[in-house]
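Colleague: structure of the sequence below:
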Amino acid sequence: MNLKQEILNSDPIQSSNLESCFDQIKKEQRIALMPFIMAGDPDLNTSSQILLRLQEEGADIVELGIPYSDPLADGPIIQLAASRALSSGTSPNGVLEMLSNLKDKLTIPVILFTYSNPLINCGMEDFCDQAAKSGASGLVVPDLPLEEAEKLSSIAAERKLDLVLLVAPTTPLERMKKICSRSKGFTYLVSVTGVTGERSNLEDRVKLLVQKIKQFSSNPVAVGFGISDAKHVSQVRKWGADGAIVGSALVKRISNATDKKAVDEAGDFCRELRKAAG
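Modeller: As a prediction, the model looks like this:
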């Protein structure tokens, strides 16, 4: 039996996929806390420890970045993290191997954040085979055109992976409807125009965008890009979002810590954010 057949014939690796995770969180009347970390920053061993600590401190879903040399959607903090990870020798295969080694310990869903170039170079089917075998629950590919995303979504779904699509404040209405109807697991709402990064305040239009997206689809809505602290998590919860994705602020804390303190810094920040999530 080849790898593809093994994946398609096997039972789900994750004990909880994205849909069932959001269903449970909704019953608990809170929102999903979804931290983002860059795999391999400062190294894969530390990333492995951080993933387990985030789970321990109440993260519901983790977005795991695969470092790439030309990360168009990432602000300077995450770009530097990707550069450090690449310098330490981190590769897509290394990230997936690390994740696979955590399957018996890491029970919360993990979404892989990658770009279209490495994914296409690897081959969509081969990449999804490996991602599924590693225990991932979903994919986010921010620079993949909607038309290509439809192809990838079908390939991913065969392997029990959700392809999560992004909506931006500048997305035209008709295209927004298409994206919302085709996104799997949840719809990723980019709260700002531009790249990722810390923000001091969230724009009020995020509330209107959350409401609009919910008119188009029954998918949960998670807000990312600019969610920087517990106050922001609490705000998007009040606005009706189903999840809050915290990236740059967490990555910054990890990068500013000494190697021995990075895991504790990530855990402390996650605990703080979880209180705001409910």
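Colleague: please count neighbours and contacts with C-alpha atoms only from this point.
Modeller: Fine.
Colleague: now do the SS call for the nearest residue to residue 278 once chain neighbours are set aside.
Modeller: Leaving out its chain neighbours, the residue that sits closest to residue 278 by Cα to Cα, 6 or more residues apart in numbering is residue 30, at 4.8 Å. Of the three states, residue 30 takes coil under DSSP: H, G, I helix; E, B strand; the rest coil.
Colleague: report the buried residues of the helix or strand in which residue 23 is found.
Modeller: Using DSSP states H and E, the element containing residue 23 is helix 18-27. Neighbour counts over helix 18-27 (16 or more other Cα atoms under 10 Å) mark 18, 21-22, 25 as buried.
Colleague: same deal with stretch 174-190?
Modeller: Quick answer for stretch 174-190 (16+ other Cα under 10 Å): 176-177, 179-190.
Colleague: restrict it to CA atoms and write it as PDB.
Modeller: This file holds the C-alpha atoms of stretch 174-190, laid out as PDB (Å, rounded to 0.1, in the frame of the first residue of the first chain):
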ATOM      1  CA  GLU A 174     -19.400  38.800  -4.600                       C
ATOM      2  CA  ARG A 175     -16.000  37.300  -4.100                       C
ATOM      3  CA  MET A 176     -16.400  37.400  -0.400                       C
ATOM      4  CA  LYS A 177     -19.600  35.300  -0.800                       C
ATOM      5  CA  LYS A 178     -17.700  32.700  -2.800                       C
ATOM      6  CA  ILE A 179     -14.800  32.600  -0.400                       C
ATOM      7  CA  CYS A 180     -17.100  32.200   2.600                       C
ATOM      8  CA  SER A 181     -19.100  29.400   0.900                       C
ATOM      9  CA  ARG A 182     -15.900  27.500   0.000                       C
ATOM     10  CA  SER A 183     -13.800  27.900   3.100                       C
ATOM     11  CA  LYS A 184     -13.600  24.700   5.200                       C
ATOM     12  CA  GLY A 185     -13.400  24.600   9.000                       C
ATOM     13  CA  PHE A 186     -13.800  28.300   9.400                       C
ATOM     14  CA  THR A 187     -13.500  31.600   7.500                       C
ATOM     15  CA  TYR A 188     -10.300  33.500   8.300                       C
ATOM     16  CA  LEU A 189     -11.100  37.300   8.500                       C
ATOM     17  CA  VAL A 190      -8.100  39.500   8.000                       C
END
